[in-house]
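1. sharing a sequence plus its predicted fold:
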Amino acid sequence: MAPILSGRRAGLVLALAAILAPLGIGTAQAATPPPVQVTQSPSGAVFTPIPVQFACSGPGATSLTWRTSQAETGTVTMADGVVDGTAYYTAKPTYNSRGGHWIEAFCVDAGGPSSTWTYTPVSVNTIPSTTTLSVTPPAFPGDAITGTVTTTGTAGPQYGFFSVYVDGVPKTFTQAVGSTPFRITGTFPASVSVYGAFTSTGEIYQDSQSAPQTVLIPQEPVKVQPTVTVQVPATAYANSTFPATATVTGSAGGPVPTGEVEFRYSEGASLGRVPLVNGVATADLGLGFTGTVDIYATYFGDEHYTDRSSARQYVTLSPVPTPIVTVDAPKTGTSDKGVTATVIVAAPDSSLPTPGGGVQLLVVKPGTGLVADAGGVLANGVITLSTGPLPVGEYTLLAHYSGGGDHPYQQTDSAEQSLVISAPVVETPTPGTPTPGTPTPETPKPETPTPATPVPATPIPSTPVVTPAPVTPVVTTDKALAQAGARVTLRAEGFVPGETVRFVLHSDPVFLGTAVADANGVATLAVALPDGVPAGQHHVVATGVDSGRVAEVPILVADPRGTGARLATTGTDPAALTGLVAALLVAGAGLLVVARVRRRAA
């Protein structure tokens, strides 16, 4: 290839040619051949002049004319230089798109074009781009990675797709011009590598990506899985409570688990939540059906430990046994004295413990109702009770066992027996008998009969009947009408301060829960009526565990379909009671509503 002449040397050559021309030296008028391409495989970037050099042989060449595939034309009149009669010219075309292009040129002398077009291919590439990344790490666990991706170049704004990669995985893909913000959320390890990438959609810029940056990700504290166990008795009674204990054990040497445990049964039905105390939660659970049921505990975790449930333990629930109540009482009495009776409450099976709780001795006058009662707490299954004086008449006497001891037993009645009260017998003094001796004859004297003056009878005042005035407990509810599942508040008054009061929904007994009476003898329980309770009239019975005091309140369960016409006739079930107590409730003979009372043993 002929060398490209410097401007100084080219000027000397042209000056020498001008001196020799008048002398006819070196001025042969031979035809100038086509230009010869000097630059091999010319290439460059879009919108950038690409130099392509041609050689025109012969002293007559004065310029070079060129044209391109993008209709650009030009003429080069200043040669790069002349060497050995060959002039060198450089064309600098510009292309506005990448790909394969071409340039054609021919030499021109004093007489005009002196050669034909010479074709030369040109390779045009895009302009390099530069992509940078500005990133802000998350401020806290779960926060987003944010920042901006920016691409720059020499030909102005860049149009294309901007992507952000986290550990080599694309997380964003946005079409924009020049730059775009980004926000990335998700779960990441403690340290990630982030970089941005630009993909050009035009014919100007090349693709590029930023340098990677290391981003530190705040992490949640690592939680440890605890061990959860539950303990319940193998057997218990339906409609009564049984103890349950859940223990949550943390890691060795770690903190004691805190939070709450929920006792559950079957497919997750809740029996209540209990807070942990030193990793242990205890509760008295109750279920209103018989059979075998699985119990487990679910722990909800804290800042150190994860959620976890215990294995299931099984409890077999049996019906509450009904004790045998007998009364040893006289069948007769007088109106000047009360009636004293001994009540014995025995377990139906010798393997069961002796019943405890309250007993009421009831004296009922047929057709009138209750006329006297006395109550107290059993001691070793026995109690002796006395009523006040009773009016003359015929009565029915029975004992009612109201439960409430340490071992659960059904409420029940004794057999009824008759009682006849008579007036007390008043004894008349007998006249004295004369002492035997020698009789003295007397002369009888005629007596004038004196008419007897009738002595008015002095009425004997009747002895008033004194009925003892026991403490009368009362239970009320904030909702006399409610649907099954609705939450009601029960308030029981007149109980012994500090004692536990049990609340049971009847007629089919359903245990609702317990509450402790305050200093005023008031126990309050907020509870949801069990699902599945049939619509109709029901009542809630509150029983003092220590005092044996009992009170009840009616509650109407509404039909969930909203129509009273479909209420079931449930109410008080006479079959659930026995003897005369049931008859009084059903027939309406009970003119006096009496709360059954168990009195705490002195």
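-> Now that the structure is in, tell me what you want to look at.
2. run a quick neighbour tally on Q70.
-> For Q70, the count of nearby residues is 14 (other C-beta atoms under 10 Å). For glycine as for every other residue, the C-beta is placed from the backbone atoms N, C-alpha and C.
3. so what's the residue nearest to it when sequence neighbours are not counted up against?
-> Nearest-residue entry for Q70: Y95, 5.8 Å, with adjacent residues in sequence omitted and distances by C-beta to C-beta, 6 or more residues apart in numbering. Going by C-beta atoms under 8 Å, 6 or more residues apart in numbering, Y95 touches 44, 46-47, 50, 68-70, 101, 122, 124.
4. reformat those residues as JSON lines; add distance to A244 and secondary structure.
-> Listed next are the contacts of Y95 as JSON lines, based on distance: C-beta to C-beta, whole Å; DSSP: H, G, I helix; E, B strand; the rest coil:
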{"residue": "G44", "distance to A244": "85", "secondary structure": "strand"}
{"residue": "V46", "distance to A244": "81", "secondary structure": "coil"}
{"residue": "F47", "distance to A244": "82", "secondary structure": "coil"}
{"residue": "I50", "distance to A244": "89", "secondary structure": "coil"}
{"residue": "T68", "distance to A244": "93", "secondary structure": "strand"}
{"residue": "S69", "distance to A244": "90", "secondary structure": "coil"}
{"residue": "Q70", "distance to A244": "89", "secondary structure": "coil"}
{"residue": "H101", "distance to A244": "87", "secondary structure": "strand"}
{"residue": "V122", "distance to A244": "89", "secondary structure": "strand"}
{"residue": "V124", "distance to A244": "83", "secondary structure": "strand"}
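5. still on that earlier bit, in what helix or strand does the residue nearest to Q70 lie?
-> Per DSSP states H and E, Y95 falls between elements, in no helix or strand.
6. ChimeraX command to pick out the buried ones of the contacts of Y95?
-> To isolate the buried members of these in ChimeraX, using 16 or more other C-beta atoms under 10 Å:
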select :44,46,47,50,68,69,101,122,124
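7. farthest-apart pair in the contacts of Y95, please.
-> Using C-beta to C-beta, the contacts of Y95 span at most 15.3 Å, a distance reached by F47 and S69.
8. which one of the contacts of Y95 sits closest to G358?
-> The nearest member of the contacts of Y95 to G358, counting by C-beta to C-beta, is V46 at 103.9 Å.
9. how close does that closest one sit to P93?
-> Per C-beta to C-beta, to the nearest Å, V46 is found 12 Å from P93.
10. quickly run through the sheet partners of the helix or strand that contains I103, with directions.
-> According to DSSP H and E, I103 maps onto strand 99-109. Sheet pairing here is set by DSSP bridges, and for strand 99-109 it gives strand 61-68 (antiparallel), strand 112-113 (antiparallel), strand 118-125 (antiparallel).
11. mean pLDDT for the ones you listed: which is lowest?
-> Across the strands paired with strand 99-109, strand 112-113 has the smallest mean pLDDT, namely a mean of 78.
12. so what's Q175 scoring on pLDDT?
-> pLDDT recorded at Q175 is 90.
13. same check on P468?
-> Reading off the model, P468 has pLDDT 42.
14. V371 too?
-> 88.
15. return the set of buried residues in the host helix or strand of it.
-> V371 is part of strand 369-377, with elements assigned from DSSP H and E. Going by neighbour count (16+ other C-beta under 10 Å), the buried part of strand 369-377 is 370-377.
16. same deal with stretch 319-330?
-> Those buried within stretch 319-330 under the rule 16+ other C-beta under 10 Å are 320-321, 323, 325, 327, 329.
17. swap in stretch 42-60?
-> For stretch 42-60, using 16+ other C-beta under 10 Å, the buried residues are 42, 44-47, 50, 52-60.
18. cool, and stretch 193-211?
-> Buried, per 16+ other C-beta under 10 Å, within stretch 193-211: 194-198, 200, 204-206, 208-210.
19. follow-up on the earlier one: walk me through which strands the strand holding V371 pairs with, and which way each runs.
-> Short version: by DSSP bridges, strand 369-377 pairs with strand 357-365 (antiparallel).
20. and the partner strand, C-alpha only, in CSV?
-> Only the C-alpha atoms of strand 357-365 are listed here, as CSV (Å, rounded to 0.1, in the frame of the first residue of the first chain):
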residue,chain,number,x,y,z
GLY,A,357,-72.0,-30.6,97.4
GLY,A,358,-75.4,-29.2,98.4
VAL,A,359,-78.7,-30.7,99.5
GLN,A,360,-82.1,-29.1,99.9
LEU,A,361,-84.9,-30.6,102.1
LEU,A,362,-88.2,-29.6,100.5
VAL,A,363,-91.7,-29.6,102.1
VAL,A,364,-94.5,-29.2,99.6
LYS,A,365,-98.2,-28.9,100.1
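21. so how far is S193 from A211?
-> 10 Å.
22. and the helices in the stretch 451-600 of the chain, which stretches?
-> For the stretch 451-600 of the chain, the helices defined by DSSP state H, counting those that start in this stretch cover 579-587.
23. which residues of it score low on pLDDT?
-> Along the stretch 451-600 of the chain, the model assigns pLDDT under 70 to residues 451-470, 560-600.
24. which of the strands paired with strand 99-109 sits most buried?
-> strand 61-68 (a mean of 21; mean count of other C-beta atoms under 10 Å).
25. can you name the element that comes right after that one?
-> For strand 61-68, the following helix or strand on the C-terminal side (DSSP H and E) is strand 73-76.
26. pull up the pairing partners for that next one, direction included.
-> Neighbouring strands of strand 73-76 in its sheet, by DSSP bridges, are strand 61-68 (antiparallel).
27. off-centre distance for the partner strand?
-> 86 Å (C-alpha atoms, centre = their mean, to the nearest Å).
28. same deal with stretch 543-556?
-> 34 Å.
29. buried residues in it?
-> Under the neighbour-count criterion of 16+ other C-beta under 10 Å, stretch 543-556 has 543-553, 555-556 buried.
30. can you name the two of those that are farthest apart?
-> Comparing all pairs in these by C-beta to C-beta, the longest separation belongs to D546 and L556, at 31.1 Å.
31. residues contacting the residue nearest to S97 when sequence neighbours are not counted?
-> Leaving out its chain neighbours, the residue that sits closest to S97 by C-beta to C-beta, 6+ apart is E203, at 4.4 Å. Neighbouring residues of E203 by C-beta under 8 Å, 6+ apart: 46, 96-98, 126.
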